[in-house]
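[1] fold the following for me, if possible:
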Amino acid sequence: MNKGKVYLVGAGPGDAGLITLKGIRVIQQADCIVYDFHINPRLLTYAKKDAELIYAGKRGGHHEMTQDEINRVLVEKAKEGKIVCRLKGGDPFVFGRGGEEIEVLADEGIDFEIIPGISSVIAVPAYAGIPVTHRRVASAFTVITGNEDLSKQERIFTHIRASNQAETMIFLMCVRNLDTITNKLIDEGLSTETPSAIIRWGTRAEQKVITGTISEIASLAKEHKISPPAILVIGDVVRLREKLAWYEKKPLHGHRILITRQLSDEYLKLEDLGAELFVFPTIDFLPPEDFKELDRAIKEIEHYTFIVFPSPRAVKFFFERFLTLGRDMRDLKGITVCAIGKETSKSLRTYGINADLVPDEYNSEALTKMFKEKILNLQPSACRILYPRSNIALKGFVETMQSLGIKVDAPITYKTVKPFEHGKRLVKFLREGRITIATFTSPSSFLNLIDILKDDVKEMLKDVTIVAIGKTTAKAIEDAGYRVSIIPEKSTIKDMVEAIIKWVKQK
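    Modelled structure (predicted):
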């Protein structure tokens, strides 16, 4: 039996960029990931395709799995010989019950490793513009759990009373006991005018910061309907927020953007400007069930005048099969290679091929126009086009070329499938109005999402700003009864990102 291992990984407080490099590496290698509610779902996009994802819940006292059940799963999966990533919010050893989980593993003789995470203790105040220490303001800070019966925690308040130095107090999980905490501190002699801040969903798109004196912060929290997760910061450092606040000033702060395809680097500019990305690919790509048509085309490759690659996926799946059948790039000598789009051209270069033709616009109409001009002086019988495609690709280009008497072979090179897993959190976010913008790069990316969503959530999607790449995608969305607010001039991810930024800045 292979020996399993459990990695206890701190995922940070919420912003996907605040996980460590080592934490990302473990997610990428894990056979099984057991994750909590407060984990940013974008971190799961680093998981292997065949990784088992187990949702453990743990939100504000409500648990999908009990702690004993979580412990049992960690032990069982490790004993199956799997690499297990236990992914926990913040740092697992700061009020995260990580020590309890590791004790169980140690008792069972299971190998484990601890990968610390950035704790909300320091990160959440930082994103609110509040340093927990400052040379001229506070030389120490105390971290206290706020979800226990604080009337019994006399040692906490004794420490506060005994402290002779300027000190910041940070209470985690404090919302339910806010009145008790503040009243007890005042009873112990803390000035009623002591600056305080309560921060909800720190480092996330919906971060909300309420400031006031310690005597009024509890009532302000109720007035602003602050609910978990939130932390309380008490001390003179809170005054610095007025000068140091930065996160809420980002132009896209407050926006959570739904990405319905695989994440690529072009989207990350949205994160840099303050948006949070919710990555939920509604399309997955697999090899075709039958290679007969594709194999025939590859075996006759020297008879083609042109090969037209419509997407990076077409490049990937075509050349995987091409090389499997024993062909190599020398067999493409004399064939004109066309790529639709910069990303497709980039994918070709990974195989040592520079595209000979790239249409000015990345759509079927521009491709057809380019080919009509290219073959104007050629006899139709002298042309033969290979068009590797997906199982659901539109055949407008193929049919137009065939109407001109040109032979076009369009073998299915890969198939597009709908992944139904892991949609629970997306449904929840839509119900709660926490998705502000949804992006679609093809009709199928939209239609698949509609197929995945529940009926009541489909209506809620109408309250979301919808972005569509290309007229065909926009038409499919509008035909379904939804309004498209943003259509970039060019059908690229880069242009879509720029269009979103421009639209938000104009609002």
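
[2] pLDDT score for the residue sitting nearest the centre point of the chain?
    When Cα atoms, centre = their mean is applied to the chain, the residue found nearest the centroid is Arg42 (2.6 Å). Here the pLDDT value assigned to Arg42 is 91.

[3] that one touches Ala275, doesn't it?
    No: Arg42 lies out of contact with Ala275 (Cβ atoms under 8 Å); the separation is 11.4 Å. C-beta coordinates here come from the backbone N, C-alpha and C atoms, glycine included.

[4] can I take it that the residue nearest to the centre of the chain is in a helix?
    Yes: going by DSSP: H, G, I helix; E, B strand; the rest coil, the assignment for Arg42 places it inside a helix.

[5] residues contacting it?
    Contacts of Arg42 were listed using Cβ atoms under 8 Å, 6 or more residues apart in numbering, and they are 16, 263, 276-279.

[6] so which of these is the closest to Gly98?
    Among the contacts of Arg42, Ala16 lies closest to Gly98 (Cβ to Cβ), at 20.4 Å.

[7] what is the burial count for the closest one?
    A count of neighbours around Ala16, defined by other Cβ atoms under 10 Å, yields 21.

[8] tell me where the model's unsure across this protein.
    In the predicted model of the chain, residues 1-2, 58-63, 148-165, 362-363, 375-378, 420-422 satisfy pLDDT under 70.

[9] so which residues of the stretch 201-350 of the chain form helices?
    Residue ranges of the helices in the stretch 201-350 of the chain, as given by DSSP state H, counting those that start in this stretch, are 217-223, 241-244, 268-272, 292-299, 312-324, 342-349.

[10] out of those helices, deepest packed?
    Ranked by average neighbour count under the criterion mean count of other Cβ atoms under 10 Å, the helices of the stretch 201-350 of the chain are headed by helix 312-324 at a mean of 20.

[11] just how off-centre is that helix within its chain?
    27 Å (Cα atoms, centre = their mean, to the nearest Å).

[12] repeat that for stretch 353-368.
    For stretch 353-368, the gap between its own C-alpha mean and the chain's C-alpha mean amounts to 30 Å (Cα atoms, centre = their mean).

[13] first-to-last residue distance for it?
    Start-to-end span of stretch 353-368 (Cα to Cα, to the nearest Å) is 22 Å.

[14] and it, what's buried?
    Going by neighbour count (16 or more other Cβ atoms under 10 Å), the buried part of stretch 353-368 is 353, 355, 357-359, 361-364, 366-368.

[15] ok, stretch 269-283 next?
    Applying a neighbour-count criterion of 16+ other Cβ under 10 Å, the buried positions in stretch 269-283 are 270-271, 273-283.

[16] please state the offset of it from the chain centre?
    Computed by Cα atoms, centre = their mean, the chain-centroid distance of stretch 269-283 equals 6 Å.

[17] ok, stretch 477-497 next?
    Here stretch 477-497 is found 20 Å from its chain centre; the criterion is Cα atoms, centre = their mean.

[18] same check on stretch 299-307?
    In terms of Cα atoms, centre = their mean, the centre of stretch 299-307 is found 40 Å from the chain centre.

[19] what do you get for stretch 91-102?
    25 Å.

[20] use 867 as the first number from now on
    In the new count, where the first residue is 867, that last one comes out as stretch 957-968.

[21] pull the contacting residues for Asp977.
    Asp977 touches 869-872, 944, counting by Cβ under 8 Å, 6+ apart.

[22] what's the domain layout of the protein?
    Residue ranges of the domains in the chain are recorded as 871-984, 988-1115, 1122-1149+1284-1372, 1153-1282, according to automatic domain parsing.

[23] first vs last residue of the last one, how far apart are they?
    For domain 1153-1282, the separation between the terminal residues is 9 Å (Cα to Cα).

[24] kindly report the same for the shortest one.
    End-to-end distance of domain 871-984: 23 Å, with Cα to Cα as the criterion.

[25] strands of the stretch 1017-1166 of the chain, start to end?
    Along the stretch 1017-1166 of the chain, the segments classed as strands by DSSP state E, counting those that start in this stretch run 1033-1038, 1061-1066, 1074-1079, 1096-1100, 1122-1125, 1142-1145, 1150-1152.

[26] what would the third one look like as PDB? C-alpha coordinates only.
    Right, the one you point to is strand 1074-1079. Output for strand 1074-1079, consisting of C-alpha atoms alone and laid out as PDB, is shown next (Å, rounded to 0.1, in the frame of the first residue of the first chain):
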ATOM      1  CA  LYS A1074     -17.100  46.300   4.900                       C
ATOM      2  CA  VAL A1075     -15.500  48.400   7.700                       C
ATOM      3  CA  ILE A1076     -17.400  50.200  10.400                       C
ATOM      4  CA  THR A1077     -15.500  52.500  12.900                       C
ATOM      5  CA  GLY A1078     -16.600  54.200  16.100                       C
ATOM      6  CA  THR A1079     -15.800  54.300  19.800                       C
END
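
[27] strands paired with it, and their directions?
    Using DSSP bridges, the strands paired with strand 1074-1079 in its sheet are strand 1061-1066 (antiparallel).
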